[in-house]
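1. sequence first, predicted model second:
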Amino acid sequence: MSRHRAIRNLDYEEVLDEYEVDLQEEEENRLLMEQGVVDVRSALDTEASKVTKEQIEEALWHYYFDVDKSVTYLTNKFINRPAPKAPKPATQKPTGKYLTPATATISCEFEDSSDWAENNRHGLGGRCSSQTGSRQDDVGFWVSGSCPSYPLPQASLPALFHDMPWGNIPKDRESVLIPPVVPRSRCGLLGGTGAAPKMTKLQALAAARKKKAQEKSSEQEVEQTRAQMTGLSVNSSSTEKENMPLSGAFSKRLKTSSSTAQGRVPIIPTEPRSESEQQSANPITKEPEVVEEPAQARPVKKAQPSAFAQTLFSSHTPTITIRQDVVTLGLAPSVLEAFSKPSPDDIVLAAQAKAGKKPPAGQSKKSKSSNTDSLSSSVSELKIDDTPLPKSRNINVLSEFEKSTKKKSASFVVVGHVDAGKSTMMGRLLLDLGVVDQRTVEKLRKEAHTIGKSSFALAWVLDQGSEERTRGVTIDIATNRFETETTAFTILDAPGHRDFIPNMIAGASQADFAVLVIDASTGAFESGLKGQTKEHSLLLRSMGVARIIVAVNKLDMVNWSQERFDEIKNQVSGFLSATGFQKMNIAFVPVSGLHGDNMVKRSENPAVGWYTGPTLIEELERSEPSARATKKPLRVNISEVFRTQQSQATVSGRVDAGSLQMGDAVLVQPATEKAFIKSILVDEAPADWAVAGQSVVLHLSHIDPMHVKSGDIICDPNKPIPKDKTFTLKALAFDFLMPMQVDVHRGRLHSAGKIIAMPALLDKTTGGVKKKNPRLVKPGEVARVRVELDDQVPLEAGQRVVLRSGGETIAAGLLE
Amino acid sequence: MADRRRINGPPGATMAPVFEDDAGQPEIKNGKGRDRAPNIIRKTFLKTGVTPSASGSAYLEFEGSSKSGVSGLKLSCTVHGPRSLPRSSPFSPHIVLSAHVKYAPFATKQRRGYLRDPSERDLGTHLETALRGAIIADRWPKSGVDIIISIIEGDQDRETSKSQGDETWDMMNVLSGCITVASAALADAGIDCVDTVAGGVAALVQDAGEDSTPRIVVDPIPSDHEKVLGACCVAYLPTRDEVTNLWFKGDLPAADAGLYTQLVENGIQASRTANRVLVECLGEATS
């Protein structure tokens, strides 16, 4: 029947009637209760005052208004009530306090339960200990039951400690603390650490149970077990006891169960079978002994551990047993004796082990005694680890260098006024020497023609930047190299424009000598002499360039006029001498950079017949390379830093001093970061080593590229270049010097600073002090100047620096 | 299935040289025969708590025969657990029991491999069945226990060239020892059991001689007898009077049903005796 039908058929009247019936019943109950109370009161008669109405009502309710039963209950419960049962501990109390009925009942329960536990224990007494162990777990209050001598806590704590003095607790009030049973020692053997293995939660639980079971087994029980064991081992006539290790009720129960089992499963026999039965059931077995034996004594077959087990379990008593069967093999006693002693090998090994241990012991003793001495000495010996990489071949670079039959190498910087034709001249030089082929030049010429600067084609061989080409001026130094029969040259094509003087300084600092290009065309020479021709030559001299070749360019424009050439020669040589160049170090060559006259080939133009001197290339070859400071500590001036596949920090620069080889440890200043030289390129060819004077490309390893900048110095880690913020220099002033902001240039490095002091004005020739603390230094004067920089810069005495201010060179000098 | 990872010994049996006595007893094989009463098991040494790193462990030894060359049985059992099952395994409401039995390579006359062979697996299965009836498995849900038995010496007569034809007889003795030692180790580990289970072996043997009749002996040593007709290994709980594992093997006359009962009965007798040793050993350990 569906639910909605059930609801539809629901008789509301009936349901409501039921409620009415309930109400009626309640009314009836009330009446019955009133009547009952009256009846009970009357039945109790005089005792009625001892019970309250509520008690009567309750009793009636429970007995369903049965007056007689209620009366009996009330009489027993409240009227003929026995004296309150005072438990033993309560009577022990000296104060004799009465306990509330509630606690009394609780203690009763305790006693009951402990009794029960006691019984239970006796009943279980026959069981083997392990079984009782598991059984005990179920009996939760075993402990309290088994130690009845302890008073149970009945009253509240304040009551318990009511008369307890602080300290001086009487002996009888002290509680007895029983130390836990010491966990049986397991024989430690068979590997494993001494420490207990880490237990899982479950294992811990199992262990806790195990321990609990052990603790619970009271002495009495142990005795019982022991008695049982002795009963087993000693000949005991009682088969019952022997075969059924249990006694008491439990064993009885078992017996019945076993009998039922026998009935159910006939093949499983029970122990107490009579002989005759067994005999009859076993037709094969004829011998009576077989059956007699079990009835007789059946001792526990406990064997002594074998030799193997003995060695396993009792390592402390090694009992040497001579195996008889070995001896009977017929070995002579002498043979046995021979093997009783350690073998010669053993003796030798022992001696070796002893000898091996000795030296370290002696060493430690020694180090202890001279501990303080060695400490100070070791501190003084501290140095930066400069062990080269294993890649290093440990070449003696200097001897290699002397042995090498290499061409002499020289680098020269090409300087001059802007548009003097420096780049074009170098382009022509390279073209004529075959370093650059004709096709390249033709291509460049075509390109130059398209933008209407066909005369710049040769200059573009060196000026490769797009900006340089569009502007038609050299901006940065262009490096190129060529070789003649005797010398390997490095060209440093410097910019002539005044805005790029710092780049020119960088180029000049790398050069052995210089080529000064002078535009011979009318007006150009004059403007040049006032302009960068003058400034460049001053800078060259102050940078330490001693030799200078003056290429008088564009003489074809003036029809190779000898007069023009001589005029220029006179003016320039006079000026250069004044600057400080020696006459013998100045050479003049009339050339035409665009056409190549007197460059590599002597001019075929009859108009130049008057010139019989060397061509430019001959003049270049005549230059003696400057002395190389190969014996000095390593200094490499970094001019460029870039990334290559070999190294993230690849640097190019010139070795100013010292020598280096592959695998060397070096120090990069001012970052003070150690690096290793992975490989070296000298003249774009891999080399194992490099010496002062060479332009090199170094691939550095073990260094972050951020620590290497152009203008930094790579130096020997043992003799690093000092870095400082302030320095003193002997400066030749080109302009008025006073305490002012200056830019300090040294090679690629340029750093902002200021002149903080000018301690002395010096005599140009003698070097003596002319005047102390001049307020102003005039152009052409030499003064000692103290400069402070904004940040630390690697500088050392003997280096040449240039001071510039406002885009003009104001002084050049030598660091002191 | 060769074990290529280790350097194995020679596959064949190798025997140390045996030198004859001066007296020269030609009949080594006959020896003395069985020197115990038919219903007496060999003397047993049992000790628990031998492996410190295991939760429970036991070592069992059956002493060898009086004949030289029969070495007896030496077993070492370790119980690891109860420990929580790995997360990957499904939920188990009761303890997961795994029994591993392994012969040491040198334990038997025929050298054993390092990997378990079918007979060892078989022993493991029997052992597991025997113990499962004893352990109260519900008390340890979601946990597992590993029982590992190493057979150090496999109860074989190394000197008889004659093989008994079937290794099962040896295996039965080994199994009974395994059951007893595992039970001891379980008790040592504190894993709840309804009772201590012990193993016992009974066999119907035929002795050498013209007119000897077959008889039932407990704890047989196959080499003591001319022939073993049948044997059974029983795992028995004495207080419950229950058999948890029964292994019966042999060809008995089918007509005689009572013979089977007799064999099992004798196996139970042997098991009871072994159990007494077990109980005593555990009592020693706890006291």
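-> The structure has been received and is ready for your questions.
2. would you mind splitting chain A into its domains for me?
-> Per the record, chain A has its domains at A:22-79, A:82-173+A:220-267, A:387-398+A:630-721, A:417-621, A:722-816, by automatic domain parsing.
3. dump those into JSON lines; add mean pLDDT and distance to B:S150 as well.
-> Yep, even glycine has a C-beta here, placed from its N, CA and C like the rest. Converted to JSON lines, these look like this (pLDDT from 0 to 100; distance: least, Cβ to Cβ, whole Å):
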{"stretch": "domain A:22-79", "mean pLDDT": "82", "distance to B:S150": "69"}
{"stretch": "domain A:82-173+A:220-267", "mean pLDDT": "46", "distance to B:S150": "24"}
{"stretch": "domain A:387-398+A:630-721", "mean pLDDT": "84", "distance to B:S150": "52"}
{"stretch": "domain A:417-621", "mean pLDDT": "84", "distance to B:S150": "81"}
{"stretch": "domain A:722-816", "mean pLDDT": "86", "distance to B:S150": "74"}
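4. nearest to B:S76, out of those domains?
-> Across the domains of chain A, B:S76 has its closest neighbour in domain A:82-173+A:220-267 (20.4 Å, Cβ to Cβ).
5. which residues in the stretch 101-250 of chain B form helices?
-> Taking DSSP state H, counting those that start in this stretch as the criterion, the stretch 101-250 of chain B contains helices spanning B:118-132, B:168-189.
6. looking at the ones you listed, which one is packed in the most?
-> Compared across these, helix B:168-189 shows the largest average neighbour count, a mean of 28 (mean count of other Cβ atoms under 10 Å in any protein chain shown).
7. with only the CA atoms kept, save that helix in CSV.
-> This file holds the C-alpha atoms of helix B:168-189, laid out as CSV (Å, rounded to 0.1, in the frame of the first residue of the first chain):
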residue,chain,number,x,y,z
THR,B,168,59.2,-34.9,2.5
TRP,B,169,60.0,-36.9,5.6
ASP,B,170,62.8,-34.4,6.4
MET,B,171,60.5,-31.5,5.6
MET,B,172,58.0,-32.8,8.1
ASN,B,173,60.4,-32.7,10.9
VAL,B,174,61.5,-29.3,9.9
LEU,B,175,58.0,-28.0,9.7
SER,B,176,57.2,-29.2,13.2
GLY,B,177,60.3,-27.4,14.5
CYS,B,178,59.3,-24.3,12.6
ILE,B,179,55.8,-24.3,14.1
THR,B,180,57.2,-24.6,17.6
VAL,B,181,59.9,-22.0,17.2
ALA,B,182,57.6,-19.6,15.5
SER,B,183,55.2,-19.9,18.4
ALA,B,184,57.9,-19.2,20.9
ALA,B,185,59.0,-16.1,18.9
LEU,B,186,55.4,-14.8,18.6
ALA,B,187,55.1,-15.1,22.4
ASP,B,188,58.4,-13.3,22.7
ALA,B,189,57.1,-10.5,20.5
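8. can you tell me the average pLDDT over it?
-> Taken as a whole, helix B:168-189 carries a mean pLDDT of 92.
9. relative to helix B:118-132, how tilted is it?
-> 40 degrees (axes from the mean of the first three to the mean of the last three Cα atoms, to 10 degrees).
10. now tabulate the domains of chain A in TSV and tack on distance to B:L75 and mean neighbour count.
-> As requested, the domains of chain A are exported to TSV (distance: least, Cβ to Cβ, whole Å; neighbours: other Cβ atoms under 10 Å in any protein chain shown):
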stretch	distance to B:L75	mean neighbour count
domain A:22-79	67	15
domain A:82-173+A:220-267	20	14
domain A:387-398+A:630-721	59	19
domain A:417-621	89	19
domain A:722-816	80	17
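11. check which helices and strands the helix or strand hosting A:S409 is in contact with.
-> For A:S409, the element it lies in under DSSP states H and E is strand A:408-416. Judged by 3 or more Cβ pairs under 8 Å, 6 or more residues apart in numbering or on different chains; DSSP states H and E, strand A:408-416 is in contact with helix A:422-433, strand A:487-493, helix A:501-509, strand A:513-519, helix A:532-542.
12. what comes up buried for that strand?
-> Using 16 or more other Cβ atoms under 10 Å in any protein chain shown as the test for burial, strand A:408-416 gives A:409-416.
13. picking that back up, how about the helices and strands packed on strand A:408-416, which one is nearest B:V277?
-> Across the helices and strands packed on strand A:408-416, B:V277 has its closest neighbour in helix A:501-509 (100.9 Å, Cβ to Cβ).
14. report the angle between that closest one and strand A:513-519.
-> Going by the same axes, to 10 degrees, helix A:501-509 makes 130 degrees with strand A:513-519.
15. what angle sits between helix A:501-509 and strand A:487-493?
-> Using the same axes, to 10 degrees: helix A:501-509 against strand A:487-493 is 170 degrees.
16. which residues sit against helix A:501-509?
-> Helix A:501-509 is contacted from outside by A:413, A:415, A:475-477, A:492-496, A:514, A:532, A:535-536, A:539-540, A:543, A:545, A:637, A:639, A:745-748, A:750, A:800, A:802, A:804, A:807, A:809, using Cβ atoms under 8 Å, 6 or more residues apart in numbering or on different chains.
17. number of nearby residues for A:K407?
-> 13 (other Cβ atoms under 10 Å in any protein chain shown).
18. can you tell me which residues contact it?
-> A:483, A:486-488.
19. same thing with B:K47?
-> Per Cβ under 8 Å, 6+ apart, neighbours of B:K47: A:305, A:309, A:313, B:58-59, B:281.
20. redo that, cut-off 10 Å
-> Going by Cβ atoms under 10 Å, 6 or more residues apart in numbering or on different chains, B:K47 touches A:187, A:305, A:309, A:312-313, B:57-61, B:181, B:184, B:188, B:281, B:284-285.
21. out of those residues, who's nearest A:F500?
-> B:S57 (90.6 Å).
22. thought the closest one was touching B:A189?
-> Yes: look at B:S57 against B:A189 with Cβ atoms under 10 Å: they come within range, at 8.0 Å.
23. mutual contacts of those two, please.
-> Common neighbours of B:S57 and B:A189 (Cβ under 10 Å, 6+ apart) are B:48-49, B:78-80.
24. any idea which of those is closest to chain A?
-> Lowest distance from chain A to the shared contacts of B:S57 and B:A189 (Cβ to the nearest Cβ) belongs to B:G49, with 4.4 Å.
25. verify the contact between the closest one and B:G190 for me.
-> No: using Cβ under 10 Å, B:G49 is not in contact with B:G190; the gap is 11.4 Å.
26. between the two, what contacts are shared?
-> The contact lists of B:G49 and B:G190 share B:G56, where a contact means Cβ under 10 Å, 6+ apart.
27. re the thing from before, the domains of chain A: which one's closest to B:A274?
-> Nearest of the domains of chain A (Cβ to Cβ): domain A:82-173+A:220-267, 13.5 Å.
28. separation between the closest residue to A:D556 other than its chain neighbours and chain B?
-> Nearest residue to A:D556, sequence neighbours excluded (Cβ to Cβ, 6 or more residues apart in numbering or on different chains): A:S592, at 4.4 Å. For A:S592, the distance to chain B equals 88 Å [Cβ to the nearest Cβ, to the nearest Å].
29. which strand residues bridge A:S592?
-> Note on A:S592: beta-bridge partners by DSSP bridges are A:D597.
30. how about the contacts made by it?
-> By Cβ under 10 Å, 6+ apart, the neighbours of A:S592 are A:421, A:424-425, A:428, A:520, A:551-557, A:560, A:598-599, A:603, A:605, A:608.
31. cool, and A:S454?
-> A:444-448.
32. also near chain B: which of these, exactly?
-> Among the contacts of A:S454, proximity to chain B is found for none (Cβ under 10 Å from any Cβ of the partner chain).
33. wait, doesn't B:S143 sit right on A:K201?
-> Yes: B:S143 sits in contact with A:K201 when judged by Cβ under 10 Å, with a separation of 9.5 Å.
34. and the two? Which one has more around it.
-> Per other Cβ under 10 Å, whichever of B:S143 and A:K201 has more neighbours is B:S143, with 23 against 11.
35. where does the prediction get shaky in the stretch 151-287 of chain B?
-> For the stretch 151-287 of chain B, the stretches flagged by pLDDT under 70 are B:157-166, B:210.
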